[in-house]
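Q: Sequence plus the predicted model coming up.
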Amino acid sequence: HVLRMRTQPPLSKVPVVSQPTNQRKHTIAIRMKPFVPLLLLYGYFAVAFQAVVQLKRASPTFSRSSLTIAKSDFSSEQDHKRRDVLRNAVAASFAMPSKSRAASTNLLADVPMIRFKPPLNAVGEPYVAIELCIDGEDVEFMLDTGLTLEFVTPHLKEQLHLRSQRSQMTGLAAGGVNAAADTVVDLRGASVCIDGKTQLQLPEMHALVIDFPQEHIDPKHDPVEGMLGLEVLSQYDVDLDFPKGRVRFYKPGTAEKRGLMEIPSIVINDTGILGFRLTTDPSRQPILAIVDCGSTFSAINWKAAALLGLPPKEDAVYKTGPQILAVGVDGRPIQFPTLQQSLTFVGEAISKDGKLAGFEPPPSSWKAWKPVTMAVGDVPIFPELLGDGITPYNGPAGLIGLDILAQRRVVIESAGNARTRRRRIFVGAQ
């Protein structure tokens with residue numbers, strides 16, 4: 001589902017988090033050998049406390065200039081060996097934290113990923129949420145890259161005594177109808193937190209007050225008090241680490257991407273929603289697919305199915321397979337036939353003699369996503385979402401949901417100050 005506003009409020013700038021970096025050189029004069037074990041112990045704890053992640057991922061580079069040792073205290077060959085060991089140990093304790101401090105400055109929040117248990121016999125993967133703190137209250141908000149701003153429940157509005165404003169905001173729901181509300185609140189003071197302890201102060205949000213079906217989807221997480229959309233998420237590099245069950249927020253362009261593969265992506269018109277080229281085989285013509293972590297399953301329309309070489313609408317395979325009864329944010333049900341299918345992506349277009357000659361295939365180390373039970377049908381959101389605001393879009397289109405995204409770690413890079421529609425999404429290669 002996607003929310004489109006007739007009047008998009010200006011986005012707040014990303015709060016700048018800075019930490020002073022101690023760049024002074026440390027000079028240590030060691031005149032008593034009994035201090036060696038203590039310094040070695042200090043070096044161990046300094047590295048373990050401030051740079052444990054870097055120690056696991058990178059080999060340290062030691063700087064000999066970070067330590068000055070009185071030569072008179074090391075006269076024998078054995079003493080020189082001890083000096084070298086001591087130099088390296090203490091240098092590590094000072095050289096590594098500077099790298100760690102840079103990483104910790106870029107990493108703004110690292111919190112547990114909350115997953116909602118889906119209803120019995122549901123298709124797809126559980127929704128994703130994190131804990132927020134708002135005015136001293138701990139609440140759970142879903143993450144939704146298919147939403148342009150934020151949702152809060154009427155219950156949360158009353159609980160926090162949020163002041164409302166009258167505004168005409170309309171949006172698109174998965175049911176294909178306009179989801180509108182006259183009540184909008186300016187949500188200030190919200191932060192990403194763990195057990196009530198703030199990790200990242202979020203910018204001011206413009207939240208639409210509305211009831212949505214996911215509010216009561218899991219009895220252990222009832223109620224879900226809101227949804228975080230792209231108004232906030234687009235201001236950070238968002239790391240959805242599904243294998244480790246973590247959600248991380250980084251400064252724009254600084255997320256750790258080691259071991260991940262880039263999928264070229266674009267911003268879809270003025271909505272800010274991201275998409276990339278999806279296909280069943282790199283040799284086939286791809287379709288544009290929306291990246292939506294607010295959907296438990298993936299879907300394509302009938303024109304996309306034909307382009308990807310899948311069975312036509314009249315084929316018996318759609319009658320014998322399971323049916324998906326989807327519920328949009330407006331609460332209206334939609335029924336889709338399904339198809340078991342493996343999907344992959346392609347890169348930028350390749351031109352030859354001024355004509356389209358194909359698309360860049362994935363790197364050789366890439367493995368296609370595991371097959372998923374994909375919905376096939378005319379998803380009502382596509383014509384309005386992918387249209388130009390005047391003429392509805394009637395071409396092939398798809399939606400990438402959590403059944404695909406949750407198979408691997410995903411990093412969605414922030415727009416930052418970019419003035420282009422190009423974006424970057426990074427995904428585990430296999």
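A: Looks like it arrived, so ask away. What you see is a predicted model; the values in this text were computed from it and never measured.
Q: Every contact and neighbour count from this point should use C-alpha atoms.
A: Noted.
Q: How far away from the center of its chain is stretch 119-136?
A: How far stretch 119-136 lies from its chain's middle: 15 Å, per Cα atoms, centre = their mean, to the nearest Å.
Q: just stretch 340-349 next, same as before
A: Counting by Cα atoms, centre = their mean, stretch 340-349 comes out at 20 Å from the chain centroid.
Q: all strands of the stretch 251-400 of the chain, in order?
A: With strands called from DSSP state E, counting those that start in this stretch, the stretch 251-400 of the chain shows them at 260-268, 273-279, 287-291, 299-300, 323-327, 333-341, 344-345, 349-352, 355-359, 372-376, 398-400.
Q: Could I get those strands in CSV, plus columns for mean neighbour count?
A: Shown next, in CSV, are the strands of the stretch 251-400 of the chain (neighbours: other Cα atoms under 10 Å):
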stretch, mean neighbour count
strand 260-268, 19
strand 273-279, 24
strand 287-291, 25
strand 299-300, 24
strand 323-327, 18
strand 333-341, 17
strand 344-345, 22
strand 349-352, 11
strand 355-359, 13
strand 372-376, 24
strand 398-400, 27
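Q: Check those strands for me: which has the lowest mean pLDDT.
A: When the strands of the stretch 251-400 of the chain are ranked by mean pLDDT, strand 323-327 comes last with a mean of 79.
Q: pLDDT below threshold where in the stretch 51-200 of the chain?
A: For the stretch 51-200 of the chain, the stretches with pLDDT under 70 are 51-104, 166-182.
Q: Let me see the contact set for S234.
A: 413-415 (Cα atoms under 8 Å, 6 or more residues apart in numbering).
Q: got TSV for these, with neighbour count too?
A: TSV is the format used below for the contacts of S234 (neighbours: other Cα under 10 Å):
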residue	neighbour count
E413	23
S414	23
A415	20
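Q: Which members of these occur in helices, if any?
A: Taking DSSP state H, every one of these sits outside helices.
Q: Kindly reformat those residues as TSV and extend each row with distance to P213 and pLDDT.
A: As requested, these are exported to TSV (distance: Cα to Cα, whole Å; pLDDT from 0 to 100):
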residue	distance to P213	pLDDT
E413	29	93
S414	29	90
A415	30	75
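Q: can you pull out the helices in the stretch 151-300 of the chain?
A: 154-159, 230-233 (DSSP state H, counting those that start in this stretch).
Q: sorry, back to before: minimum distance to V317: which of the strands of the stretch 251-400 of the chain has it?
A: strand 333-341 (7.6 Å; Cα to Cα).
Q: ok, L187 to S164 distance?
A: From L187 across to S164, the span is 10 Å (Cα to Cα, to the nearest Å).
Q: And L274, by the same measure?
A: Counting by Cα to Cα - L274 and S164 are separated by 30 Å.
Q: L187 and S164: which is more packed in?
A: Using other Cα atoms under 10 Å as the criterion, L187 and S164 rank with L187 on top: 20 against 16.
Q: is the more buried one in a bridge, and if so with what?
A: Taking DSSP bridges as the rule, L187 bridges to M205.
Q: so it touches V209, yeah?
A: No. Contact criterion Cα atoms under 8 Å: L187 and V209 do not qualify, at 10.8 Å.
Q: what sits against the residue most central in space within the chain?
A: When Cα atoms, centre = their mean is applied to the chain, the residue found nearest the centroid is V238 (3.5 Å). Counting by Cα under 8 Å, 6+ apart, V238 makes contact with 247-250, 255, 411-414.
Q: Just the pLDDT for it.
A: 97.
Q: measure it to S298 for me?
A: Distance of V238 to S298, given as Cα to Cα: 21 Å.
Q: go on, M142?
A: With Cα to Cα as the criterion, M142 and S298 are 18 Å apart.
Q: again with G229
A: Applying Cα to Cα to G229 and S298 gives a distance of 19 Å.
Q: what's the answer for R248, then?
A: 24 Å.
Q: quick one, which of these two is more surrounded?
A: S298 (26 against 20).
Q: Provide a list of residues in contact with that one.
A: For S298, counting by Cα under 8 Å, 6+ apart, the contacting residues are 124, 372-375, 398-404.
Q: right, and the pair among those residues with maximum separation?
A: It's G124 and G398 that sit farthest apart of the contacts of S298, by Cα to Cα, at 15.4 Å.
Q: What is the burial count for F242?
A: Neighbours of F242 using other Cα under 10 Å come to 16.
Q: my guess is it meets D403, correct?
A: No. Contact criterion Cα under 8 Å: F242 and D403 do not qualify, at 11.4 Å.
Q: For T198, grab the count of nearby residues.
A: 15.
Q: contacting residues around it?
A: Contacts of T198 by Cα under 8 Å, 6+ apart are 133, 191-192.
Q: 6 Å instead, please
A: Contact analysis of T198 by Cα atoms under 6 Å, 6 or more residues apart in numbering lists V192.
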